[in-house]
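Q: need a 3D model of the sequence below.
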Amino acid sequence: MAEALKNQEERRILLPNASWGTYERLLAEREERRYPRFFYDRGVLEILSPSTEHDGVSRVIAALVELLTEEAETDVCNAGSTTFKREDLSRGFEPDECFYFGSNAGRVRELVADKGDIELDAGDPAPDLVLEVDITNPSLDKLPIYARLDVPEVWRYSGGRLEIFRLADEASAGEEPRYAEAPESAFLPGVTGDALTRLVAEGLNLDRRVWRRRVREWARGVG
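A: Numbering: from 1, shown residues only. Next comes the predicted model:
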C-alpha cells in the first residue's frame with residue numbers, strides 16, 4: 001500500500017515493491033517535466049512533489065554555492081535535478097540541486113555538450129555535492145543511495161539547519177559506504193554547517209541584493 005505524507009503543497013508517496021522497470025517507465029512518462037521527482041533504492045520507490053517552501057530553500061542554497069565558489073575562484077557546474085541512476089546497483093535519485101567542482105565541472109560540461117546527458121551506467125562521474133532539502137520528514141533515507149553511487153559530499157537542510165556529510169574513505173568488508181557529519185565542506189574549505197545555516201536563513205528573509213553582498217563579504221574573510 002502506498003503511504004502519502006503531505007505538508008501543504010508537498011507530497012511524498014512511497015511504493016515499497018516497485019520494479020526497476022516501473023521506475024524507468026515513470027521516468028519516461030514524466031518526459032521533460034520537472035515534477036514529480038523519483039528516488040529508487042532496491043525496490044523501494046519514492047515519488048516527491050516539492051512544496052513552494054521546499055523549492056525556495058533549494059534556490060537560496062544553490063545561489064549560495066554559486067556565490068561562494070565565485071569568491072573562492074573555483075569552477076562550478078550546477079547540474080540541477082538531473083536523473084542519476086545505475087541499474088546494476090538498483091539505485092537512482094534526482095537531487096534538489098547538485099554540483100561539480102574544478103576539473104569535474106569542465107568534464108561534465110564537455111559530456112553534456114557531446115551527448116546531452118550524464119550517464120552513471122556509462123562511467124560518467126557522480127556529482128561532487130548533492131543538496132537535500134527536507135521540509136517534511138522524508139519517507140526514504142536517501143543517504144545510502146548517494147553513498148552507493150559515490151557522491152562524496154551531501155548538504156542536508158532540515159528543521160532550519162544545514163548539515164554537511166562527507167563520505168567515509170573506506171567501508172569495512174561487506175559493509176555499505178556511509179557518511180559522517182563533517183565540520184566543513186571538502187570543496188569549499190572554511191565553509192561550515194553553522195555558517196551555511198546562518199547564510200541560508202538570511203537568504204530566506206533579506207532583500208536578495210543585500211544578502212548577496214553579505215555573502216560575498218563573509219566569503220572574503222574565510223581562510
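
Q: tell me the secondary structure for residue 108?
A: Recorded secondary structure, residue 108: helix (DSSP: H, G, I helix; E, B strand; the rest coil).

Q: that one: neighbour count?
A: 20 (other Cβ atoms under 10 Å). Bear in mind the C-beta positions are built from the backbone N, C-alpha and C, glycine included.

Q: pretty sure it sits against residue 79.
A: Yes. Using Cβ atoms under 8 Å, residue 108 is in contact with residue 79, at 6.6 Å.

Q: joint contacts of these two?
A: 100, 118 (Cβ atoms under 8 Å, 6 or more residues apart in numbering).

Q: buried residues in the longest helix along the chain?
A: Criterion DSSP state H: the longest helix present in the chain is helix 52-71. Buried residues in helix 52-71, defined by neighbour count with 16 or more other Cβ atoms under 10 Å: 54-55, 57-58, 60-65, 67-69, 71.

Q: what does stretch 118-138 give?
A: For stretch 118-138, by 16+ other Cβ under 10 Å, it's 118, 120, 126-133, 135-136, 138.

Q: send the alpha carbons of it over as PDB?
A: Coordinates of each C-alpha in stretch 118-138 appear next as PDB, following Å, rounded to 0.1, in the frame of the first residue of the first chain:
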ATOM      1  CA  ILE A 118      25.200  12.400 -17.700                       C
ATOM      2  CA  GLU A 119      25.100   8.600 -17.500                       C
ATOM      3  CA  LEU A 120      26.500   6.800 -14.500                       C
ATOM      4  CA  ASP A 121      25.900   3.500 -16.200                       C
ATOM      5  CA  ALA A 122      28.400   4.700 -18.900                       C
ATOM      6  CA  GLY A 123      31.000   5.600 -16.300                       C
ATOM      7  CA  ASP A 124      30.300   9.300 -16.100                       C
ATOM      8  CA  PRO A 125      31.100  10.900 -12.700                       C
ATOM      9  CA  ALA A 126      28.500  11.300  -9.900                       C
ATOM     10  CA  PRO A 127      28.100  14.800  -8.500                       C
ATOM     11  CA  ASP A 128      30.700  16.100  -6.100                       C
ATOM     12  CA  LEU A 129      28.000  17.700  -4.000                       C
ATOM     13  CA  VAL A 130      24.300  16.800  -3.600                       C
ATOM     14  CA  LEU A 131      21.800  19.100  -1.800                       C
ATOM     15  CA  GLU A 132      18.900  17.500   0.000                       C
ATOM     16  CA  VAL A 133      16.100  19.700   1.400                       C
ATOM     17  CA  ASP A 134      13.700  18.100   4.000                       C
ATOM     18  CA  ILE A 135      10.600  20.100   4.700                       C
ATOM     19  CA  THR A 136       8.600  17.100   5.700                       C
ATOM     20  CA  ASN A 137      10.200  14.000   7.300                       C
ATOM     21  CA  PRO A 138      11.500  12.000   4.300                       C
END
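
Q: now tabulate the buried residues of helix 52-71 in JSON lines and tack on distance to residue 84 and pLDDT.
A: Compiled in JSON lines, those are given as follows (distance: Cβ to Cβ, whole Å; pLDDT from 0 to 100):
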{"residue": "54", "distance to residue 84": "19", "pLDDT": "92"}
{"residue": "55", "distance to residue 84": "19", "pLDDT": "92"}
{"residue": "57", "distance to residue 84": "21", "pLDDT": "96"}
{"residue": "58", "distance to residue 84": "17", "pLDDT": "96"}
{"residue": "60", "distance to residue 84": "23", "pLDDT": "97"}
{"residue": "61", "distance to residue 84": "19", "pLDDT": "98"}
{"residue": "62", "distance to residue 84": "17", "pLDDT": "97"}
{"residue": "63", "distance to residue 84": "22", "pLDDT": "97"}
{"residue": "64", "distance to residue 84": "22", "pLDDT": "98"}
{"residue": "65", "distance to residue 84": "18", "pLDDT": "98"}
{"residue": "67", "distance to residue 84": "25", "pLDDT": "97"}
{"residue": "68", "distance to residue 84": "23", "pLDDT": "97"}
{"residue": "69", "distance to residue 84": "21", "pLDDT": "97"}
{"residue": "71", "distance to residue 84": "28", "pLDDT": "96"}
